[in-house]
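> Sequence below, structure please.
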Amino acid sequence: MIKDIISKADEKMKKSISVLKSDLSTLKAGRANPTMLDRIEVEYYGSMVPVNQVSNVSAPEPRVLMITPWEKSTLKDIEKAILKSDLGINPSNDGSVIRLVIPELTEETRRNLVKTVKKYGEDTKIAIRSIRRDANDKIKALKKDSDLSEDEMKKSEEDIQKTTDTYVKEVDKVIEAKEKEIMAI
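This is a model prediction of the structure:
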């Protein structure tokens, strides 16, 4: 029972880290990365789908993204979706492909991006601590039902705290790496 609680908490914390990495990969850091477009959805036959499901997204150059739609009719819709997004990049459409030139980041833009990255990190840490709290609550409930001794409860809470500390350190490493990437000129 306790092992289940701890392993589920561990699994949820691991998911929080992967969500953080995924979110950070969509930030533009002065370098073209096809994952930047993962959150942008385009209308396709009446439903909203991610750009990468209606086109091929590639980075032929370090600061250029090229979007090649599978159907020419979706070109305008993709262009509109990019303009509406929070990317802040003007697409250039040549009739068959869309090119996005990623602008060089200014010092101010880099600092703002670092703030955003830190906010993502803080949000992830909050999520991890929330998972810890839920696991501890379940353990206390077991104690209350007399299924657990005081020592077992303390040991379990220590295990969950160690797991939490490990994942919080992992968040710090991920954030630090992203900061270095953003601040590198």
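> Relative to the whole chain's centre, how far out is the helix or strand containing Asp159?
For Asp159, the host element (DSSP states H and E) is helix 150-183. Per CA atoms, centre = their mean, to the nearest Å, the displacement of helix 150-183 from the mean C-alpha position of its chain is 17 Å.
> tell me the mean pLDDT over it?
For helix 150-183, mean pLDDT is 90.
> all strands of the protein, in order?
Using DSSP state E, the strands of the chain run over residues 41-44, 47-50, 55-61, 64-69, 92-93, 98-101.
> Any chance of a markdown table for these, columns mean pLDDT and distance to Thr109?
The C-beta positions use only the backbone N, C-alpha and C, and glycine is treated the same way. Shown next, in a markdown table, are the strands of the chain (pLDDT from 0 to 100; distance: least, CB to CB, whole Å):
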| stretch | mean pLDDT | distance to Thr109 |
| --- | --- | --- |
| strand 41-44 | 87 | 25 |
| strand 47-50 | 88 | 25 |
| strand 55-61 | 86 | 20 |
| strand 64-69 | 88 | 18 |
| strand 92-93 | 86 | 21 |
| strand 98-101 | 87 | 15 |
